[in-house]
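Student: Build the 3D model from these lines:
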Amino acid sequence: MNLNQESLKKKLAGKMIGHRLHYYDKIGSTNEEAFRLGEEGAPEGTVLIAESQTSGKGRMQRVWYSPPGANIYTSVILRPPAGTMKATQIPIAAGVAAAETLNELCPGKAWIKWPNDVLIGGKKVCGILAQIKMSGQAVDFVVVGIGINVNLGRKQFPRDIQAIATSMAIEAGR
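Tutor: Residues are numbered from 1 along each chain as shown. Predicted coordinates for the structure are as follows:
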């Protein structure tokens, strides 16, 4: 399947998730931009995809290594009609969905390290970052960011994370 900006827009037209697609060759952080768009009223299901991020981030202000054309960097804006307790389950559901998807390519190998990482062979292959915007006691929107290491070889990771990070190319052998 040839996936590019135009084919994705056609495939996602009329769907709840992705009916509005923002594509960036390079961006600071898809999560930061999605949060900004959420504050401006972007509708639920708006998706941001980037080829690279200069300031990709994870929990606790950690950096998400985001080189161009190698991985998946995406964020989705959700506007759940739920209270805070249910909205906090969204990143857990995203982690389960990511692990199930990655297990299709590496059967039985992907598992979740709570609350927001997917590991294969004890190494991080995917991270989930969710940010919630509240209006009083109500959830205004949730931004769910998903980063998946796809096409990096071991030596392409920065030295400080080579021992703890992996990619689908390494694990699936293709």
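
Student: ok now the lowest-mean-pLDDT helix or strand in the chain, how far from the chain's centre?
Tutor: Least confident helix or strand, the chain: helix 84-87 with a mean of 77, by mean pLDDT, DSSP states H and E. Counting by Cα atoms, centre = their mean, to the nearest Å, helix 84-87 is centred 20 Å from the centre of its parent chain.

Student: in the strand ranked longest in the chain, what counts as buried?
Tutor: For the chain, the strand with the greatest residue count under DSSP state E is strand 123-135. Buried residues in strand 123-135, counting neighbours by 16 or more other Cβ atoms under 10 Å, are found at Lys123, Lys124, Val125, Cys126, Gly127, Ile128, Leu129, Ala130, Gln131, Ile132. To be clear about C-beta, it is placed using only N, CA and C from the backbone, and glycine gets the same treatment.

Student: if we can go back for a sec, just checking, what packs against the least confident helix or strand of the chain?
Tutor: With contacts taken as 3 or more Cβ pairs under 8 Å, 6 or more residues apart in numbering; DSSP states H and E, helix 84-87 sits against strand 123-135, strand 138-148.

Student: Pull the residues that contact it.
Tutor: The contact list for helix 84-87, computed with Cβ atoms under 8 Å, 6 or more residues apart in numbering, reads Pro80, Ile132, Met134, Gln137, Val139, Val142.

Student: Pull out the CA atoms of that helix and give them to me as PDB.
Tutor: Only the C-alpha atoms of helix 84-87 are listed here, as PDB (Å, rounded to 0.1, in the frame of the first residue of the first chain):
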ATOM      1  CA  THR A  84     -11.900  13.200  34.000                       C
ATOM      2  CA  MET A  85     -11.800   9.600  35.200                       C
ATOM      3  CA  LYS A  86     -12.800   8.100  31.900                       C
ATOM      4  CA  ALA A  87     -10.700  10.500  29.900                       C
END
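
Student: Please work out the angle formed by the directions of the very next helix or strand once past it and strand 138-148.
Tutor: Counting by DSSP states H and E, the next helix or strand C-terminal to helix 84-87 is helix 90-105. Between helix 90-105 and strand 138-148, the angle comes out at 30 degrees (axes from the mean of the first three to the mean of the last three Cα atoms, to 10 degrees).

Student: quick one: average pLDDT of helix 90-105?
Tutor: For helix 90-105, mean pLDDT rounds to 93.

Student: If you count contacts, what does it end up packed against?
Tutor: Applying 3+ Cβ pairs under 8 Å, 6+ apart, we find helix 90-105 packed against strand 110-113, strand 117-120, strand 123-135, strand 138-148, helix 168-172.

Student: hmm, who's touching it?
Tutor: Defining contact as Cβ under 8 Å, 6+ apart, one finds that helix 90-105 is touched by 78, 80, 109-112, 114-118, 120, 125-126, 128-130, 142, 144, 146, 148, 168, 171-172.
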